[in-house]
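Trainee: Quick one, fold the following:
(one chain, ligands or ions: 2)
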Amino acid sequence: MTDQTKPQPKLAIQVIPVTPFQQNTSLLWHTETMEGVFIDPGGEVDKLMGAAEHFGVKIVEVWLTHGHLDHAGGATEVAERAGCKIIGPHKDDQWLLDDIEAQWKKYGVEGSRNCVPDQYLNDGDTLTLSGETFHVLHTPGHTPGHVVIYHEEGGIAFVGDVLFRGSIGRTDFPRGNHQQLIDSITKKLWPLGNHMQFVPGHNEMSTFGQERRDNGFVADSVLGVV
Ligand SMILES: [Zn+2]
Ligand SMILES: [Zn+2]
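Mentor: Ligands and ions are numbered 1, 2, ... in the order given. As a prediction, this is how the structure comes out:
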């Protein structure tokens, strides 16, 4: 486990890489109520539930950024074990959620489950954790139904596979779209501010400002923004 940070006094985050893809599941919780959510529980559910128990967190919801197997493969089992709902992504990723078992079998991984969320997310929606409000952006490009979830006061965003430290999401998958992804990053994420920290779907955390300075795909200098 790595990267325990406190975006603001009432919220804590533990980033837990899971699956052969080392996907960053976030355990996000409210430090007073000890209620929490898993964002993108892609697999290794025993490890995830063990982490929640270790920190004394009661899981009240599962939030998904998009439908890829390494992000959503453990969602159904987590929801069953915690007795909670699955929220997100946008409905345009349901075709991926329907294909999780088949995709994992190609990698020889058993035990993953397809997923039908209790609620889809749309641009402008809000989510609540113990009274703390999180905002939702629809950010297609990597997948058509990808969403980003952020907490404004805490200055933290969960961006899935839209943006990485020094890179951006792949768009060579079916229904990927490079220009859409660039637009999602520059028109939806950048306006949140350079100070915003983000947890990407893989590898280390960063800030939007850092990526605008030196990301080889979307830095201001690369895109020709003055
Ligand atoms: Zn993905
Ligand atoms: Zn991923």
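Trainee: use CA for all of it now, contacts and neighbours both
Mentor: Noted.
Trainee: So in this protein, where's the weakest helix or strand by average pLDDT?
Mentor: None of the helices or strands of the chain scores lower by mean pLDDT, DSSP states H and E than strand 2-8, at a mean of 56.
Trainee: And the next helix or strand past that strand?
Mentor: Note on strand 2-8: by DSSP states H and E, the next helix or strand toward the C-terminus is strand 11-18.
Trainee: CA atoms only: put that following strand into CSV for me.
Mentor: C-alpha atoms of strand 11-18 as CSV (Å, rounded to 0.1, in the frame of the first residue of the first chain):
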residue,chain,number,x,y,z
LEU,A,11,-11.1,12.8,4.3
ALA,A,12,-8.4,10.1,4.0
ILE,A,13,-7.3,8.1,1.0
GLN,A,14,-5.4,4.9,0.8
VAL,A,15,-4.4,3.9,-2.8
ILE,A,16,-4.2,0.1,-3.2
PRO,A,17,-2.9,-1.3,-6.5
VAL,A,18,-4.7,-4.4,-7.6
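Trainee: which parts of the following helix or strand past it are buried?
Mentor: Moving toward the C-terminus from strand 11-18, the next helix or strand (DSSP H and E) is strand 23-30. Under the neighbour-count criterion of 16 or more other C-alpha atoms under 10 Å, strand 23-30 has 23, 24, 25, 26, 27, 28, 29, 30 buried.
Trainee: what residue is smack in the middle of the protein?
Mentor: Centroid check for the chain by C-alpha atoms, centre = their mean gives residue 160 as the closest residue, at 3.7 Å.
Trainee: ok, it touching residue 68?
Mentor: No: look at residue 160 against residue 68 with C-alpha atoms under 8 Å: they stay out of range, at 9.9 Å.
Trainee: so what pLDDT did the residue nearest to the centre of the chain get?
Mentor: Residue 160 carries a pLDDT value of 98.
Trainee: Let me know how buried the residue nearest to it when sequence neighbours are not counted is, in neighbour terms.
Mentor: Of all residues beyond its chain neighbours, the one nearest residue 160 is residue 201 (4.2 Å), with distances taken as C-alpha to C-alpha, 6 or more residues apart in numbering. By the criterion of other C-alpha atoms under 10 Å, residue 201 has 28 neighbours.
Trainee: now do residue 41
Mentor: Neighbour count for residue 41, taken as other C-alpha under 10 Å: 32.
Trainee: quick one, what contacts it?
Mentor: Shown in contact with residue 41 (C-alpha atoms under 8 Å, 6 or more residues apart in numbering): 18, 25-26, 48, 62, 64, 70-75, 78.
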